[in-house]
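Colleague: Give the three-dimensional model of this entry:
(2 chains)
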There are 2 protein chains.
Amino acid sequence: MKKLLYPETIVWSELAKRPVKDLQELEPTIRSIFKLVQEQGDEALYQLAEKYDGKRPDALLATPEELAAAENEVSAELKAAILQAYSNIQLFHLQQAEQMPVVETMPGVNCWRKSVAIEKVGLYIPGGTAPLFSTLLMLGIPAKIAGCKQIVLCTPPSKEGTIHPAIRYTAALLGIETIVKAGGAQAVAAMAFGTESVPAVSKIFGPGNQYVTMAKQMVTQLGVAIDMPAGPSEVLVMADETADPAFVAADLLSQAEHGPDSQVVLLSTSETIVDQVIAEIEKQLQELPREAVAAQALDNSMAIVLEDAQQMLDYSNLYAPEHLILAIKDLQTIANGVVNAGSVFLGNYTPEAAGDYASGTNHTLPTNGYARAYSGVSLDSFVKKITFQHITTEGLQNIGRTIEVMAEAEGLQAHKNAVSIRLKKL
Amino acid sequence: MKKLLYPETIVWSELAKRPVKDLQELEPTIRSIFKLVQEQGDEALYQLAEKYDGKRPDALLATPEELAAAENEVSAELKAAILQAYSNIQLFHLQQAEQMPVVETMPGVNCWRKSVAIEKVGLYIPGGTAPLFSTLLMLGIPAKIAGCKQIVLCTPPSKEGTIHPAIRYTAALLGIETIVKAGGAQAVAAMAFGTESVPAVSKIFGPGNQYVTMAKQMVTQLGVAIDMPAGPSEVLVMADETADPAFVAADLLSQAEHGPDSQVVLLSTSETIVDQVIAEIEKQLQELPREAVAAQALDNSMAIVLEDAQQMLDYSNLYAPEHLILAIKDLQTIANGVVNAGSVFLGNYTPEAAGDYASGTNHTLPTNGYARAYSGVSLDSFVKKITFQHITTEGLQNIGRTIEVMAEAEGLQAHKNAVSIRLKKL
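Modeller: Numbering: from 1, shown residues only, chains lettered A, B, ... in the order given. Below is the predicted model:
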């Protein structure tokens, strides 16, 4: 971890830059996968599972028996934990439902809007060593609350052609019926274009490797929506002398273990704290199974000593972290000043891991500075907000002239006429 | 207008398809414009204004004097209309502010979210024959309500190097200070990358020609957000025997006059109504200044006679129109069944033009079937919803084990440790 003391504000922008990763070179491979899936449908998914995941699955879709079997393959303790997380996430996302009243903007002119579920959504859950059933909760619960009619789950099969029990258990809990053993760009293609077994969806959610990330970007050009652009996960911790160095180190490491490209930033007003955190990191790092991964991420990471809390806030807002942990004295003032961040964790006993798994907030968040313009996944991500209006004859008499004058000024006579022809009848 | 009688449902998908327009061929030109703007900044904007708009402007930014002058260049009647529309749009968008409570998902685990304005946004307003000051209202008002700190307005200058008075008047009303005389892909580039005079923004809004549309798509790959993907404007009208054929014709024409590629669809349960509407269109069309444009759009348009209201609803939901007008008897039932649409207009005295200008709803809406997954512009479009959480020591004791078990099951030991190390201290 690089230590920087009081860098001048003029270099902050440079410091806050993420490494640029150009995924363009993947485009030809992904295009050929798209073509294969469009032309051969299910058969392409079988072939590509054999090629990339190690085995041609017996069937593309998980059977009800496979789902039901998970009940006995997951430990009672894990099931209880998943149920608790489910409950908390559901509670928080239920509150995101909009209750907008009808607004009578002028007498007789009534406008309102209504959240309507996106009918068909696709969830991508990576496989591999870490079975991200937590991400399935984060995407599946708001999809269910929204009322999405068709939820397609794609996840790559293991070398044995199976899906991890915890993912099957969670999918069953959510009542997801269409579970496709497909990963990578081919899974994105299947959800975007549809195959015999996989219904095409309108929006695709979820994390993945570079191929998945690039494939998702590519389908947006074809009219399929995605949750948000992706990038390596990241955390920024603000720590003053009230922070506990061991806690801060643990939080930084929990981010660093995600991958060698994870971004980890420590801001502090105290060089002592920084030194203590760095010492703690070295101690805790040795005990981690993913030590090598975390060490690589830490090599690219920075601890920055700044003048005061305001400077930490300014730097954080410039950086726009995905996760922001406030291990500082004046929590509320700084929290109120946060302008750019995905999710904020206040105080010494609020580790990022809580939001990653179980507190209730969503963990699918904007990285890579996207927090400047994007929100994390929420109930909003699974609905469209459709506006409605009803105008009475009295209302049209009130608003008609305004419309006519504006339409005429924009040179759109037919727009004006749509009002005039009605006013004449009154 | 093509008339179709009772098409079988099997062909509906094909009927509902929009013509595909591939903008890829514009990419090299736009890339070279991007490069020029990145390398030469303001000077590139001067050169490109001269090349594409006809005159090198005296200054890139509109002066306070130019803004103030608009007050006397716009008629009192138009000013009053703009003020009325402003008031209605503001009233409706103010109600979109979220009031989400703090949710205590478990004792001591408190989660909430807060809407925070995107700091820097860019609004693109096309110039040309129709000065779209109405679009400036639709984008500027929610940006103001959200509290965006920096609002950049780009609009192409006229051949005389000026900006239309109604646009200047509206910009002044909104208190927008940075008004750039730049159009096309170069305006998008300036807002994405920044120049000496134009601040870089995080999100770009607004309609435009194919170059603007494609340039907006391209900057999304560079981390700049946009309002939504664009396509030709469209309306679908459902009309039964209670509809007024003259009104329906006027509504269809007001869509058709937008451009030769506008999509206009009429659904009816009555062939008589369809014939009457077509006759009315022919009559009204002749009186329109934009007759040629509208006639071209109508050539590609369809009137479809269907069995009943439910069939009309099903077809409409499949088509996912930007604008949906219900000129039918059973308004509320059908409105409740709308799943895919940008904005819905109920009843014979609610012309689309009302929502285009002044009723209060936003007119920046998803076209091209994007209404299946996208919402129109609203206050939401100008904010990020940041989540926050605070966990007490009691809260961590309640939720800690759940996190530990889930983290361990996902193979993320450092995540678990971030909790364990804290629990040990308690």
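Colleague: So residue A:175 sits against residue A:148, correct?
Modeller: No - at 11.1 Å, residue A:175 and residue A:148 do not qualify as touching, with contact defined as Cβ atoms under 8 Å. Bear in mind the C-beta positions are built from the backbone N, C-alpha and C, glycine included.
Colleague: Which one of those two is surrounded by more residues?
Modeller: Between residue A:175 and residue A:148, counted using other Cβ atoms under 10 Å in any protein chain shown, residue A:148 has the larger neighbour count: 22 against 10.
Colleague: three-state assignment of residue A:121?
Modeller: Here residue A:121 is recorded as strand under DSSP: H, G, I helix; E, B strand; the rest coil.
Colleague: What sits closest to residue A:74 if chain neighbours are left out?
Modeller: residue A:169 (4.6 Å; Cβ to Cβ, 6 or more residues apart in numbering or on different chains).
Colleague: Number of residues surrounding that neighbour?
Modeller: 23.
Colleague: Ok, residue A:257 next?
Modeller: 25.
Colleague: now the strands: where do they sit in the stretch 201-350 of chain A?
Modeller: Taking DSSP state E, counting those that start in this stretch as the criterion, the stretch 201-350 of chain A carries its strands at A:203-205, A:225-226, A:234-239, A:263-268, A:302-305, A:323-327, A:343-346.
Colleague: could you dump those strands to TSV with mean pLDDT, mean neighbour count and distance to residue A:12?
Modeller: TSV is the format used below for the strands of the stretch 201-350 of chain A (pLDDT from 0 to 100; neighbours: other Cβ atoms under 10 Å in any protein chain shown; distance: least, Cβ to Cβ, whole Å):
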stretch	mean pLDDT	mean neighbour count	distance to residue A:12
strand A:203-205	98	26	33
strand A:225-226	97	23	31
strand A:234-239	98	26	13
strand A:263-268	96	26	11
strand A:302-305	98	22	9
strand A:323-327	98	28	16
strand A:343-346	98	26	20
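Colleague: need the ones you listed in CSV with distance to chain B, can you?
Modeller: Below are these laid out as CSV (distance: least, Cβ to the nearest Cβ, whole Å):
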stretch, distance to chain B
strand A:203-205, 4
strand A:225-226, 4
strand A:234-239, 11
strand A:263-268, 11
strand A:302-305, 18
strand A:323-327, 9
strand A:343-346, 4
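Colleague: Out of those, which gets nearest to residue A:187?
Modeller: strand A:203-205 (9.0 Å; Cβ to Cβ).
Colleague: Could you give the separation of that closest one from the chain centroid?
Modeller: 10 Å (Cα atoms, centre = their mean, to the nearest Å).
Colleague: repeat for stretch A:8-20
Modeller: The answer for stretch A:8-20 is 25 Å, by Cα atoms, centre = their mean.
Colleague: for chain A, which residue is closest to the average position?
Modeller: Centrality entry for chain A: nearest residue to the mean C-alpha point is residue A:364, 2.7 Å, by Cα atoms, centre = their mean.
Colleague: Just the element for it, please.
Modeller: Residue A:364 belongs to no helix or strand when elements are defined using DSSP states H and E.
Colleague: Can you classify the nearest residue to it once chain neighbours are set aside by secondary structure?
Modeller: Once flanking residues are discounted, residue A:364 sits nearest to residue A:377: 3.8 Å by Cβ to Cβ, 6+ apart. Three-state call for residue A:377 (three-state DSSP): coil.
Colleague: The one 10 residues further on now?
Modeller: Classification of residue A:387 using three-state DSSP returns strand.
Colleague: For burial, what's the neighbour tally of the residue nearest to residue A:364?
Modeller: Neighbour tally, residue A:377, other Cβ under 10 Å: 24.
Colleague: Check residue A:379 too.
Modeller: 21.
Colleague: One more: residue A:146?
Modeller: Residues near residue A:146, counting by other Cβ under 10 Å: 23.
Colleague: these two touch, right, it and residue A:383?
Modeller: Yes - at 5.0 Å, residue A:146 counts as touching residue A:383 under the criterion of Cβ under 8 Å.
Colleague: hey, what's in contact with both of these two?
Modeller: A:115, A:117-118 (Cβ atoms under 8 Å, 6 or more residues apart in numbering or on different chains).
Colleague: So which of these sit within strands?
Modeller: Assignment to strands by DSSP state E places the following of those there: A:115, A:117.
Colleague: In a markdown table: the shared contacts of residue A:146 and residue A:383, plus neighbour count and pLDDT.
Modeller: A markdown table is the format used below for the shared contacts of residue A:146 and residue A:383 (neighbours: other Cβ atoms under 10 Å in any protein chain shown; pLDDT from 0 to 100):
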| residue | neighbour count | pLDDT |
| --- | --- | --- |
| A:115 | 19 | 97 |
| A:117 | 19 | 98 |
| A:118 | 25 | 98 |
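Colleague: In CSV, list the shared contacts of residue A:146 and residue A:383 along with distance to chain B.
Modeller: Formatted as CSV, the shared contacts of residue A:146 and residue A:383 follow (distance: Cβ to the nearest Cβ, whole Å):
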residue, distance to chain B
A:115, 9
A:117, 8
A:118, 5
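Colleague: Of the shared contacts of residue A:146 and residue A:383, which is the nearest to residue A:329?
Modeller: Out of the shared contacts of residue A:146 and residue A:383, the member with the shortest distance to residue A:329 (by Cβ to Cβ) is residue A:115, at 39.7 Å.
Colleague: which residues does that closest one bridge with?
Modeller: residue A:385 (DSSP bridges).
Colleague: Return the list of helices and strands in contact with the lengthiest helix in chain A.
Modeller: Criterion DSSP state H: the longest helix present in chain A is helix A:76-94. With contacts taken as 3 or more Cβ pairs under 8 Å, 6 or more residues apart in numbering or on different chains; DSSP states H and E, helix A:76-94 sits against helix A:133-146, helix A:165-174, strand B:103-106, helix B:393-409.
Colleague: Single out the most deeply packed of those.
Modeller: Mean neighbour count (mean count of other Cβ atoms under 10 Å in any protein chain shown) peaks for helix A:133-146 among the helices and strands packed on helix A:76-94, with a mean of 25.
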